[in-house]
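Asks: Here you go, sequence then predicted model.
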Amino acid sequence: MIYKAVGEKEEMRKAATVLRRKSLSYLEISRHLSIPKSTIAGWFKGEKWSQEIAKKLASKQRGIQADRIRLMSVANKKRFEKIRESYRQKAKEEFSGLFDKKLFIASLMLYAGEGDLQNANSNVRIANTNWRMLKVFKRFLLDVCGVPKEKIRCAIVLYPDLDEEVCKTFWSKALGIRLEQFHKTQFIKGKHPTNRLKNGIGYVIVSSRELKEKILVWIDLCYKNL
């Protein structure tokens with residue numbers, strides 16, 4: 001910015017000082033006086049009183065940001081709960097049309113005993129050492145729930161003495177799930193590394209908030225109607 005005279009520059013600086021002492025930010029002063037922000041920063045560089053104002057403004061801004069985050073968190077929580085409630089309501093509406101299906105009841109009771117019932121996560125996850133049990137649940141996912149085949153994942157838990165590739169191949173063939181759809185294998189660490197379970201523990205997993213909500217509702221309705 002080119003000033004017509006030194007006096008004009010000094011007048012602008014005085015005006016900027018007045019505004020700064022009123023705790024305006026450099027950006028606000030720049031907008032008020034049409035002076036580049038960099039020029040204002042240069043004027044007050046090294047001024048302790050201005051630095052104290054900067055600290056107060058920064059603290060205020062952090063508080064504003066924290067309030068915004070809290071409000072967003074509350075809004076998102078309400079929005080997600082509304083969505084989850086719609087899934088639960090849909091499950092109730094679908095239940096009467098599914099209750100007489102053997103696969104539906106068998107799979108829900110299997111999940112009630114061996115599945116992940118934690119509502120805090122979106123994982124529909126069931127474990128068993130018997131591949132037939134997991135194959136039944138996989139059929140439930142495909143035929144009853146309409147889960148695409150490629151969305152179904154598998155995982156295995158092994159003792160250190162078991163061969164990972166051999167076990168993965170076993171579970172892949174038994175369940176009809178490609179090796180590319182396996183999660184990283186977990187190994188059990190303990191004082192007794194040898195286990196008679198030659199193929200380890202298998203998991204069938206689908207990540208779906210909607211399906212998790214539905215299954216939990218269906219299980220509860222089964223208990224009430226059986």
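Replies: Received, thanks.

Asks: the strands in this structure, which residues?
Replies: Ranges of strands in the chain, per DSSP state E, are 123-128, 153-158, 186-187, 201-207.

Asks: Would you single out the least confident of the ones you listed?
Replies: Note on the strands of the chain: lowest mean pLDDT is at strand 186-187, with a mean of 92.

Asks: In this protein, where is pLDDT below threshold?
Replies: Scanning the chain with the threshold set as pLDDT under 70 gives 1-6, 190-196.

Asks: Which helix in it has the most residues?
Replies: Ranked by residue count and defined by DSSP state H, the top helix of the chain is helix 48-98.

Asks: Does anything pack onto that one? Which helices or strands?
Replies: helix 6-21, helix 209-225 (3 or more C-beta pairs under 8 Å, 6 or more residues apart in numbering; DSSP states H and E). For every residue, glycine as well, the C-beta is placed using N, CA and C.

Asks: Columns distance to G63 on top of those helices, output as CSV?
Replies: CSV is the format used below for the helices and strands packed on helix 48-98 (distance: least, C-beta to C-beta, whole Å):
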stretch, distance to G63
helix 6-21, 21
helix 209-225, 33
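
Asks: who wins for proximity to K45 among those?
Replies: helix 6-21 (12.0 Å; C-beta to C-beta).

Asks: before we move on, back to that, now the strands of the chain in a markdown table, with distance to C167 and mean neighbour count?
Replies: Compiled in a markdown table, the strands of the chain are given as follows (distance: least, C-beta to C-beta, whole Å; neighbours: other C-beta atoms under 10 Å):
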| stretch | distance to C167 | mean neighbour count |
| --- | --- | --- |
| strand 123-128 | 14 | 21 |
| strand 153-158 | 6 | 20 |
| strand 186-187 | 11 | 13 |
| strand 201-207 | 9 | 21 |
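
Asks: Nearest approach to R31 belongs to which of the ones you listed?
Replies: strand 201-207 (48.0 Å).

Asks: Let me see the contact set for N119.
Replies: Shown in contact with N119 (C-beta atoms under 8 Å, 6 or more residues apart in numbering): 212-213, 216.
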